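Peer 1: Return atomic coordinates for the entry below.
(one chain, ligands or ions: 1)
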Amino acid sequence: MKKLVVITGASSGFGMELAKEFAEDGYPMLILARRVEKMEALNLPNTMCRRVDVTDQETFKAAVREAEAKYGKTDLLVNNAGLMQLGDLATQDPKEWQNMLNVNLMGVMNGMQIVLRDMKERRLGTIINLSSIAGLKPFPGHAAYCATKYGVTGLTEVARQEASAYNVRVLSICPGAVSTELLGHTTDQGIIDGYNEWKEAVEATSITATDVAKTIKYAYELPQGVSLREIVITDTRQD
Ligand code: NDP
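Peer 2: Numbers count the residues shown, from 1 in each chain. The predicted structure is shown next:
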């Protein structure tokens, strides 16, 4: 029988595509984001949609417990919710740094803490955290975003080491640039223009959110005794 899958940030991009992929195979799901109406509009079967800001651990936890009461314990948590506000370190508004620290780091840590204790007790479960290619190598204009994604890469590996003896998988996926709503939060026009030029150059064969979603699902559906640990997936022509 298929077990409960929890996906954060399912109102657009990777999270939304992932929810559709799992729904096709009949998984029970809890999908979370602030724009609950976008998730409800998907009308996915066997799926609970909840308005959750991942920076608020209490609301996040309440939604997970509610879904677990209905569908059974969480078998997969995908910490996908994230925010990218690019900017030059010398000039960027520190509020933007704080937003990214809150969502990209605290949100992921909140999610892991909500499910890890149960997973370790049951000796079963998988957590997949969305890091980024920017969590493995630096890019100008990405200081705070890189800091959060390097953080996700690091804390995922720590969690993996803490959970591995309990048969629990914790892994990170590090995608390269993919067209989603992610760039929409950046306010620096020079950086937006640079990205768009790059995207136009590779448009013909660019990697899609569906490719990333299928990869996450593949990693999860491997036997519990097989852990991919860290997946890097990019457009073939990305540096
Ligand atoms: P999108 O902007 O399309 O989606 C981001 C999702 O996160 C939305 O559903 C949004 O929902 C949700 N979200 C943002 N803030 C919060 C919050 N405080 N609480 C709950 N949900 C929140 O981006 P992508 O799909 O591209 O990104 C998904 C993940 O993949 C992110 O972690 C991103 O950093 C990472 N990534 C993306 C890459 C890309 O090129 N696209 C490359 C590498 C990594 P809502 O606004 O409704 O709350």
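Peer 1: Apart from its chain neighbours, what residue comes closest to residue 111?
Peer 2: In space, and not counting its chain neighbours, residue 111 is closest to residue 79: 4.5 Å by CB to CB, 6 or more residues apart in numbering. For glycine as for every other residue, the C-beta is placed from the backbone atoms N, C-alpha and C.
Peer 1: low-scoring stretches of the protein, by residue?
Peer 2: Residues of the chain meeting the criterion pLDDT under 70: 201-205.
Peer 1: ok, now how distant is residue 12 from residue 72?
Peer 2: 28 Å (CB to CB, to the nearest Å).
Peer 1: Please apply the same query to residue 103.
Peer 2: Taken as CB to CB, the span from residue 103 to residue 72 is 28 Å.
Peer 1: more crowded one of the two?
Peer 2: Just comparing residue 103 and residue 72: by other CB atoms under 10 Å the higher neighbour count belongs to residue 103, 20 against 13.
Peer 1: Double-check that the more buried one belongs to a helix.
Peer 2: Yes: under DSSP: H, G, I helix; E, B strand; the rest coil, residue 103 falls within a helix.
Peer 1: can you pull the contacts of it?
Peer 2: Contacts for residue 103 (CB atoms under 8 Å, 6 or more residues apart in numbering) come out as 54, 55, 81, 82, 83.
Peer 1: export the residues you listed to JSON lines and tack on secondary structure and distance to residue 6?
Peer 2: Formatted as JSON lines, the contacts of residue 103 follow (DSSP: H, G, I helix; E, B strand; the rest coil; distance: CB to CB, whole Å):
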{"residue": "54", "secondary structure": "coil", "distance to residue 6": "11"}
{"residue": "55", "secondary structure": "coil", "distance to residue 6": "16"}
{"residue": "81", "secondary structure": "coil", "distance to residue 6": "11"}
{"residue": "82", "secondary structure": "coil", "distance to residue 6": "16"}
{"residue": "83", "secondary structure": "coil", "distance to residue 6": "19"}
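Peer 1: near the ligand, from those?
Peer 2: 54, 55, 81, 82, 83 (CB under 6 Å from any ligand atom).
Peer 1: Between those, which sits nearest the ligand?
Peer 2: Nearest to the ligand among those, counting by CB to the nearest ligand atom, is residue 82 at 2.0 Å.
Peer 1: I'd say that closest one and residue 181 touch.
Peer 2: No: the criterion here is CB atoms under 8 Å, and residue 82 misses it with residue 181 at 10.8 Å.
Peer 1: Settle it for me: which of those two has more neighbours?
Peer 2: Between residue 82 and residue 181, residue 82 has the larger neighbour count (other CB under 10 Å), namely 27 against 12.
Peer 1: distance of the nearest residue to the more buried one once chain neighbours are set aside from residue 196?
Peer 2: Once flanking residues are discounted, residue 82 sits nearest to residue 104: 5.1 Å by CB to CB, 6+ apart. Computed as CB to CB, the residue 104 to residue 196 distance reads 23 Å.
Peer 1: Next to the ligand, which bits of this protein? Give me the list.
Peer 2: Residues of the chain lying near the ligand (CB under 6 Å from any ligand atom): 8-15, 33-35, 52-55, 80-84, 103, 130, 132, 175, 177-178, 180-182.
Peer 1: hang on, residue 170 packs against residue 160?
Peer 2: Yes: using CB under 8 Å, residue 170 is in contact with residue 160, at 4.1 Å.
Peer 1: Give me the more crowded residue out of the two.
Peer 2: Higher neighbour count among residue 170 and residue 160: residue 170, with 25 against 19, using other CB under 10 Å.
Peer 1: before we move on, what SS does the more buried one have?
Peer 2: strand.
Peer 1: what sits against it?
Peer 2: 112, 126, 127, 129, 156, 159, 160, 163, 164.
Peer 1: I appreciate the help and will end here.
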